[in-house]
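>>> build me a model from this:
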Amino acid sequence: MLMSAHAPVAAIRVGVVEDDEEMMRAFAEHISATQGLKLVLTAANREEALQRLGECETDVLLVDIGLPDGSGLDVIEAVAVRWPNCAILVSTVFGDETSVFRAIEGGARGYLLKDVDTAQLVNEIRTAHAGGSPISALVARKILGRLTGKRAEHAPLGAVKLSPREQEVLRLISKGFTDEETARILDSSKHTVRTFVRRIYGKLEVNSRMDAVNEARKRGLIPRG
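Next comes the predicted model:
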């Protein structure tokens with residue numbers, strides 16, 4: 001029997017592993033509103049993502065690395081084994097070399113920093129599903145730097161722009177306050193504070209509080225000492 005020339009094309013099945021509630025909501029809205037895409041899986045942490053892998057297969061999976069109960073790298077490695085045809089696309093604030101190369105070695109086909117807007121990210125889902133490898137410019141420089149034996153350069157001193165709220169959170173981090181204490185001082189939630197902390201890490205290209213404080217002092221974003 002001849003196939004109809006107008007047979008419907010199956011929608012791209014998309015999964016999202018993201019603990020930021022606001023960002024998850026934005027992803028879900030854009031994916032659900034985009035013709036040809038179907039949101040079939042969501043998870044807010046590492047444990048939930050690993051548990052849900054047996055429920056339904058995805059064609060493209062967006063994964064954040066900085067999850068509250070562990071690393072998204074574990075999810076990437078598990079998905080690469082269970083669903084070898086799934087295009088894994090990292091969406092994170094962590095652009096350090098260790099995270100980038102562990103994700104790629106673990107099976108990620110693309111690596112995007114969260115300075116990419118949600119509408120563009122939806123387009124990159126199609127790119128990844130079609131066999132492409134969407135990569136943020138900063139990440140591409142790190143990869144090229146590794147291949148040529150040179151370390152990728154950090155952004156020039158003073159080039160990093162923090163929002164007023166990020167500056168407040170950074171100031172409190174530098175004074176040694178915990179997420180809970182910072183949340184109380186700013187009359188906010190611990191979850192929101194952690195979101196700002198991750199954004200600060202991404203902008204400063206670090207992955208720890210000590211490194212964030214040292215880098216911020218070096219860039220003149222907070223006083224030394």
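>>> and the helix of greatest length in the chain, what's buried?
Counting residues, the longest helix found in the chain (DSSP state H) is helix 190-204. For helix 190-204, the neighbour count (16 or more other Cβ atoms under 10 Å) marks 192-204 as buried. C-beta coordinates here come from the backbone N, C-alpha and C atoms, glycine included.
>>> run through who's touching that helix.
The contact list for helix 190-204, computed with Cβ atoms under 8 Å, 6 or more residues apart in numbering, reads 20-22, 66, 68, 92-95, 113-115, 160-162, 165-166, 169-170, 173, 179-180, 182-183, 186, 207-209, 211-212, 215-216, 219.
>>> tell me how far the spatially most central residue of the chain lies from G131.
Centre of the chain computed as the mean C-alpha position; nearest residue by Cα atoms, centre = their mean is T92, 1.5 Å away. In this view, T92 and G131 are 22 Å apart by Cβ to Cβ, to the nearest Å.
>>> so D19 makes contact with R46?
No - D19 is not in contact with R46 according to Cβ atoms under 8 Å; the separation is 9.1 Å.
>>> where do the contact lists of these two overlap?
Residues within reach of D19 and of R46 at once, by Cβ under 8 Å, 6+ apart, are L67.
>>> okay, domains of the protein per the record?
According to automatic domain parsing, the chain comprises the domains 12-147, 164-218.
>>> these: lowest mean pLDDT?
Of all the domains of the chain, the minimum mean pLDDT falls on domain 164-218 (a mean of 85).
>>> start to end distance for it?
19 Å (Cα to Cα, to the nearest Å).
>>> in a strand, Y111, correct?
Yes - applying DSSP: H, G, I helix; E, B strand; the rest coil, one finds Y111 inside a strand.
>>> related to what we said a few turns ago, just the ones of the contacts of helix 190-204 in helices?
Reading helices off the contacts of helix 190-204 with DSSP H, I get 21-22, 165-166, 169-170, 173, 179-180, 182-183, 209, 211-212, 215-216.
>>> ok so, going back, quick check: bridge partners of the residue nearest to the centre of the chain?
L113 (DSSP bridges).
>>> tell me, how many residues neighbour the closest residue to G132 other than its chain neighbours?
Closest residue to G132 apart from its sequence neighbours, by Cβ to Cβ, 6 or more residues apart in numbering: G110 at 7.4 Å. Other residues near G110 come to 23 when the count uses other Cβ atoms under 10 Å.
>>> then I222?
Per other Cβ under 10 Å, the neighbour tally for I222 reads 19.
>>> buried members of the contacts of helix 190-204 into PyMOL, please.
Command for PyMOL that selects the buried part of the contacts of helix 190-204, burial taken from 16+ other Cβ under 10 Å:
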select buried, resi 20+66+92+93+94+95+113+114+160+162+166+169+170+173+179+182+183+186+207+209+212+215+216+219
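>>> how about the helix or strand where Q120 lies: buried residues?
Per DSSP states H and E: Q120 is located in helix 118-129. In terms of neighbour count (16+ other Cβ under 10 Å), helix 118-129 has its buried residues at 121-122, 124-125, 127-129.
>>> quick check: chain neighbours aside, which residue is closest to V9?
Nearest non-adjacent residue to V9, counting by Cβ to Cβ, 6+ apart: G36, 7.1 Å away.
>>> off-centre distance for whichever helix or strand comes after the helix holding Q120?
Sequence-wise, the next helix or strand downstream of helix 118-129 (DSSP H and E) is helix 137-147. Distance, stretch centre to chain centre, for helix 137-147: 17 Å (Cα atoms, centre = their mean, to the nearest Å).
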